[in-house]
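Peer 1: with the sequence up front, the predicted model follows.
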Amino acid sequence: MQIAHFTERPMRYIPEEPVLQNRAFFGVSNKYFDAEKSAHDYNFYLDEACYCEEVGFDAVALNEHHGNPFCSGNVLTTEAAILARITSKVKIVLIGTPLPVIKHPLRAAEELATIDIISRGRLVSGWVRGAGSEQFFNNANPAYNREMFNEAHEFIMQAWTREGPWRYEGKHFHYRHVNPWVKPYQKPVPQQWIPGVLSPETILWCAEKRYPYLGLGTALGPTCDMWDMYADKAAELGYQAGPENFGYLLPVFCADTDEKAQEIGKGFIYGGGQNAFSRPEHTLPPGYNSKAAIRMLATQPGGSWLGVSKAKMMAGRDDSWDASAYDELRQKLIRGYEKVQENLQVVVGSPQTCIKKITDILSVIRPGVFTVFAVQGTVSDKDRLRSVELLGKEVLPAIRAFGKEQELFGPFDRTPGSVKLAPGTKRAPVVDRVALAKLNLP
Amino acid sequence: MTTWKEQTVNVAGSELVLVRGGQGKPLVVLHDEMGYTGWMGWNEELAKVRELIIPLQPGFGKSARLDWAWRHRDIANFYQNMIRELNLGKVDLLGFSAGGYIAAEMAAANPEQLNSLTLVGPMGIKPDQGEIYDMFACTINTYLRASVASQENEFTNIYGGEMTPEQFELFEDARAESARIGWEPYMFNPSLPWLLRSAANAKLPTVLIRGKEDGIVPQDCIRKYKEALPQAEVVTIDGAGHRPEIEKKDAFVAAVKKVLS
């Protein structure tokens, strides 16, 4: 099993009111940006990653977002390049490079290869389409998002493996002279882990490519369904999917006592938390999703992890919450905080509480990669580092032992897609639905 | 009461759904970026003097998407071949909003194919003052509400009540296709003012109609269209926003009938 630490690197000095007033992190004015405070935060997060290595995490994971203070990683490759030099053992997991958003796959190929070279082969190069909001804040045409994603990915695979110079004339990208003088350290290419929030198209694409799929805090029931979809596709393609094909990212905050953890863990709902990631009008830009996904959204009113729901999509600008009623709003958020914990989508507590809940989750979805998503909000350096320390020293050993006992092979323990399945053979289960039922989730 | 019918034709290499109704010489009508609203009062009035031929824009749910189309100009080319392949002869052309943008591209490419051009709140030219409202950065309902000065008259009939899943899907199709061809630069073609010289040289009879309270297309777009098409008559309709055809039907119909005559 591989255990990673992930943080959005929140800007911890931003007052909550502008976020609540904006009804989302995306679009909060950068007039609140403070160079001195950000300098502290950026440096702290790099140091925190080093500390994760010291206490025993296998990997540190980064992402990027634009136009918001929810995540200070605007250009994830710059931070990853620094980590490549200042860490020595951990994998540097990018979840991921938003290919359609940066719109320059040759540059991405070069930057990522540089990171892999400097780190001497520790890059895990994940790819994403970019959240809906990213399309706006980078003026990336959402109607071509998936096309551009696929084309950019195929181009990078060639740029990493093919001898140059060669010429590329694609649909969205054109390079008449491809000859990058930096190639990955890992041969033929670094591992690629793909994060997502249960888009069937992405899951099937991962199964075809034999890439591990990482569920981002997705509810356990639907996660099981999607793992099964992946495994069915894998069986069609002649391999048995296993834990090495799956990863799971879970918001976790650990403190010395449950009480303290509960209080500080409220950082997860700071400014509205995940549900206030982006405003309805930015969440599903036109053409970003397939027709099948739109149809599903139109007929199923249920919301998802990033706050997408039919009700929100159909709202007008003036139909939203009363942002001036902060107290009422905070009460609502706290009720939500309790609910996501009951649902095991956020784990907050002492080491013992964390171990119990995390192993409950792992027993159901059986991932080979487990990623801790560190607390959001204005949590202090000291409290964040204490969480890392408790996780590393007390929680991780227990999870590793559990993973070993359950044979939760990570992608670096067993190559994803390497377990062959003869045609016509029934595939083995990849999730434990009996364990899910026992959890008796609301 | 005019009867209208929906018809699927195969033109310019693709299946296209048309709404046709009325009698007389052909008036090709290009709907806006949110799709066809259905047969309204203004259709009824104009159908008394013309046969309305309303193509449902490719990719907007009913007509097949043209995978090769990148820009509004490409849709314009497709419609020009539609006119040729349906043997419509010389037509009058009426376009609303982004449909006006397509109509302007048609006039720029081949003014000789047209008897007249009527553009209603047309997108397509970048204004010097103000910006064309960003339809992609808001929800469907916000955009619909922004498109009228007041939610009265036929607006409620078209957009009132709760959106059904089918409506939602059609709107999303329209938004997706509009994004595909109009995301960047946003709903304008930087060359269009120069390309329109051919329509100016041909002295194509043109009317530019704008609701005085249009919140979608700034007044400056009309000024720039007028600059490119000096022969155009500008009609400003008081008390209307971006949809004068449903907000101030009579004034709208009178302006169109004038150029048709």
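Peer 2: Cool, got the structure. Small disclaimer: the values here were computed from a predicted structure and weren't measured.

Peer 1: against which helices or strands is the least confident helix or strand in chain B by mean pLDDT packed?
Peer 2: Every helix and strand in chain B was compared by mean pLDDT, DSSP states H and E; the lowest is helix B:154-159, with a mean of 81. For helix B:154-159, the elements it packs on are helix B:244-247, judged by 3 or more C-beta pairs under 8 Å, 6 or more residues apart in numbering or on different chains; DSSP states H and E. (Glycine included, C-beta is placed from N, CA and C.)

Peer 1: quick one: mean pLDDT for the helix it packs on?
Peer 2: For helix B:244-247, the mean per-residue pLDDT is 96.

Peer 1: ok, now stretch A:215-231?
Peer 2: 94.

Peer 1: centre of the chain to it, how far?
Peer 2: Relative to its chain's centre, stretch A:215-231 lies at 14 Å (C-alpha atoms, centre = their mean, to the nearest Å).

Peer 1: and if you look at stretch A:187-201?
Peer 2: For stretch A:187-201 - counting by C-alpha atoms, centre = their mean - the centre lies 11 Å from the chain centre.

Peer 1: how about low-confidence regions in chain B?
Peer 2: For chain B, no stretch is flagged by pLDDT under 70.

Peer 1: show me where it has its strands.
Peer 2: In chain B, the strands defined using DSSP state E lie at B:4-11, B:14-22, B:25-30, B:50-55, B:91-96, B:114-120, B:206-211, B:233-237.

Peer 1: who's in contact with the closest residue to B:Glu154 other than its chain neighbours?
Peer 2: Of all residues not flanking B:Glu154 in the chain, B:Ile246 sits nearest, at 4.1 Å (C-beta to C-beta, 6 or more residues apart in numbering or on different chains). Contacts here follow C-beta atoms under 8 Å, 6 or more residues apart in numbering or on different chains; on that basis B:Ile246 touches B:Thr37, B:Met40, B:Gly41, B:Trp42, B:Val148, B:Asn153, B:Glu154, B:Phe155, B:Ile158.

Peer 1: again, only using 10 Å
Peer 2: B:37, B:40-42, B:147-148, B:152-159, B:240, B:252 (C-beta atoms under 10 Å, 6 or more residues apart in numbering or on different chains).

Peer 1: as a quick check, tell me the outermost residue of chain B.
Peer 2: B:Glu162 (25.6 Å; C-alpha atoms, centre = their mean).

Peer 1: so what's the residue lying closest to B:Val9 once chain neighbours are set aside up against?
Peer 2: Of all residues not flanking B:Val9 in the chain, B:Leu16 sits nearest, at 5.5 Å (C-beta to C-beta, 6+ apart). Listed by C-beta under 10 Å, 6+ apart, the contact partners of B:Leu16 are B:7-10, B:55-58, B:62-64, B:66, B:78-79, B:82, B:85-86.

Peer 1: go again with 8 Å.
Peer 2: B:Thr8, B:Val9, B:Asn10, B:Pro55, B:Leu56, B:Pro58, B:Ser63, B:Ala64, B:Met82.

Peer 1: out of those, which two sit at the greatest distance?
Peer 2: B:Asn10 and B:Leu56 (14.3 Å; C-beta to C-beta).

Peer 1: strands of chain A, residue ranges please.
Peer 2: A:2-6, A:59-62, A:91-98, A:123-128, A:166-169, A:174-178, A:194-196, A:213-216, A:246-254, A:347-349, A:369-373.

Peer 1: give me the sheet partners of the fourth one and which way each runs.
Peer 2: For strand A:123-128, the paired strands and their directions (DSSP bridges) are strand A:91-98 (parallel).

Peer 1: in chain A, which helix or strand is least confident?
Peer 2: The weakest-scoring helix or strand in chain A, judged by mean pLDDT, DSSP H and E, is helix A:310-313 (a mean of 59).

Peer 1: tabulate the strands of chain A (CSV), appending mean neighbour count.
Peer 2: Shown next, in CSV, are the strands of chain A (neighbours: other C-beta atoms under 10 Å in any protein chain shown):
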stretch, mean neighbour count
strand A:2-6, 25
strand A:59-62, 27
strand A:91-98, 26
strand A:123-128, 25
strand A:166-169, 12
strand A:174-178, 12
strand A:194-196, 22
strand A:213-216, 26
strand A:246-254, 26
strand A:347-349, 25
strand A:369-373, 27
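
Peer 1: longest helix in the chain, by number of residues?
Peer 2: Looking at chain A here, since you left the chain open. Longest helix in chain A by number of residues (criterion: DSSP state H): helix A:35-55.

Peer 1: actually chain B
Peer 2: Every helix in chain B considered (DSSP H), the longest is helix B:165-182.

Peer 1: that one and chain A, are they touching?
Peer 2: Yes - using C-beta under 8 Å from any C-beta of the partner chain, helix B:165-182 reaches chain A at B:Pro165, B:Phe168, B:Glu169, B:Glu172, B:Asp173, B:Arg175, B:Ala176, B:Glu177, B:Ser178, B:Ala179, B:Arg180.

Peer 1: buried sites along stretch A:402-414?
Peer 2: A:Phe402, A:Gly403, A:Leu408, A:Phe409, A:Gly410, A:Pro411, A:Phe412, A:Asp413, A:Arg414 (16 or more other C-beta atoms under 10 Å in any protein chain shown).

Peer 1: cool, stretch A:386-398 as well?
Peer 2: Applying 16+ other C-beta under 10 Å to stretch A:386-398 flags A:Arg386, A:Ser387, A:Val388, A:Leu390, A:Leu391, A:Gly392, A:Glu394, A:Val395, A:Leu396, A:Ala398 as buried.

Peer 1: return the alpha-carbon coordinates of that stretch using CSV.
Peer 2: C-alpha atoms of stretch A:386-398 as CSV (Å, rounded to 0.1, in the frame of the first residue of the first chain):
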residue,chain,number,x,y,z
ARG,A,386,0.8,17.8,15.0
SER,A,387,-1.8,16.1,12.8
VAL,A,388,1.0,15.0,10.4
GLU,A,389,3.0,13.7,13.3
LEU,A,390,0.2,11.7,14.9
LEU,A,391,-0.8,10.3,11.5
GLY,A,392,2.7,9.4,10.7
LYS,A,393,3.7,7.9,14.0
GLU,A,394,0.4,6.4,15.2
VAL,A,395,-2.1,6.0,12.4
LEU,A,396,0.1,5.1,9.5
PRO,A,397,1.7,2.0,11.1
ALA,A,398,-1.8,0.6,11.9
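
Peer 1: now what about that stretch, what contacts it?
Peer 2: A:3, A:5, A:48, A:51-52, A:54-57, A:252-256, A:350-351, A:354-355, A:358-359, A:372, A:374-375.
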